[in-house]
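Engineer: Build me a model:
(chains A and B)
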Amino acid sequence: AQSVTQLDSHVSVSEGTPVLLRCNYSSSYSPSLFWYVQHPNKGLQLLLKYTSAATLVKGINGFEAEFKKSETSFHLTKPSAHMSDAAEYFCVVSDRRGKLIFGQGTELSVKP
Amino acid sequence: ETGVTQTPRHLVMGMTNKKSLKCEQHLGHNAMYWYKQSAKKPLELMFVYSLEERVENNSVPSRFSPECPNSSHLFLHLHTLQPEDSALYLCASSQDYGAGAPYEQYFGPGTRLTVT
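Structural biologist: Numbering: from 1, shown residues only, chains lettered A, B, ... in the order given. Here you go, the predicted structure:
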């Protein structure tokens, strides 16, 4: 069975500093992984996805994630945080039918 | 209208009421989903429809009744709900479900449901 674990429930950074949101996965086969973002009172928006092509995946709004099989990790990074990045972020793994399994979420706060 | 829309955005209902949530997708997708998002819990998949046929039911109580009259519309009929059913209900769609997965899912803004 697949699962994801987001290692931090809350991350706080200052504007202009790097962002790191951590995610570990468990999968019995080569996984498909996603990061989604949810701004307050909004639905979820896809940031990026990994489907066994390049291990470094670039997404929208300057985010990227690196798939590391040896560490079973798929951490989300951004070089410089912006106030508009404050939101909840979800690491997600897909099973072979397309069913998405969500992590608990990480709330990102950005201080001015 | 583009993407996935949901109505109403907010709903307050008593435990004896009957109400329905509506979802519409304008993306030409074949699969639609209902999720429940409660505070402090991961998103829970409730139902999956593929080509208007229910293909997944994640042990959801019968007081939640989905309906998919065509590939663009999805409803969630609610009756005799409990206060613990208060949550954000999200609808999503994807190109397909099953063979050829994974498919990106596109989410609506959700309906905030409060059961009193």
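Engineer: mind listing what the spatially most central residue of chain A touches?
Structural biologist: For chain A, the residue nearest the mean C-alpha position is residue A:35 (3.6 Å; CA atoms, centre = their mean). Contacts of residue A:35 were listed using CB atoms under 8 Å, 6 or more residues apart in numbering or on different chains, and they are A:21, A:23, A:46-49, A:59, A:63, A:65, A:74, A:76, A:89-92. No exception for glycine: its C-beta is placed from N, CA and C like everyone else's.
Engineer: Ranking helices and strands of chain B by mean pLDDT, which lands last?
Structural biologist: strand B:53-57 (a mean of 90; mean pLDDT, DSSP states H and E).
Engineer: partner strands of it, parallel or antiparallel?
Structural biologist: strand B:44-50 (antiparallel) (DSSP bridges).
Engineer: re the thing from before, so which of the contacts of residue A:35 are in helices?
Structural biologist: Taking DSSP state H, every one of the contacts of residue A:35 sits outside helices.
Engineer: ok, and which of the residues you listed reach chain B?
Structural biologist: A:46, A:49, A:90 (CB under 8 Å from any CB of the partner chain).
Engineer: need the residues you listed in CSV with pLDDT and neighbour count, can you?
Structural biologist: Formatted as CSV, these follow (pLDDT from 0 to 100; neighbours: other CB atoms under 10 Å in any protein chain shown):
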residue, pLDDT, neighbour count
A:46, 94, 16
A:49, 94, 18
A:90, 97, 25
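Engineer: rewinding a little: identify all residues paired with the residue nearest to the centre of chain A through a beta bridge.
Structural biologist: residue A:48, residue A:91.
Engineer: Could you tell me the model confidence score at it?
Structural biologist: pLDDT, residue A:35: 97.
Engineer: That one and residue B:82, how far apart?
Structural biologist: Residue A:35 sits 33 Å away from residue B:82, going by CB to CB, to the nearest Å.
Engineer: wait, which of the ones next to chain B among the contacts of residue A:35 is closest to chain B?
Structural biologist: residue A:46 (5.5 Å; CB to the nearest CB).
Engineer: just checking, that closest one touches residue B:104?
Structural biologist: Yes - contact status for residue A:46 versus residue B:104: in contact at 5.5 Å, counting by CB atoms under 8 Å.
Engineer: ok, now which residue in chain B is the farthest from the centroid?
Structural biologist: residue B:100 (22.8 Å).
Engineer: any idea whether that one is helix, strand or coil?
Structural biologist: Classification of residue B:100 using DSSP: H, G, I helix; E, B strand; the rest coil returns coil.
Engineer: for residue B:77, which residues make a bridge with it?
Structural biologist: residue B:20, residue B:65.
Engineer: What is the burial count for it?
Structural biologist: Other residues near residue B:77 number 13, with proximity taken as other CB atoms under 10 Å in any protein chain shown.
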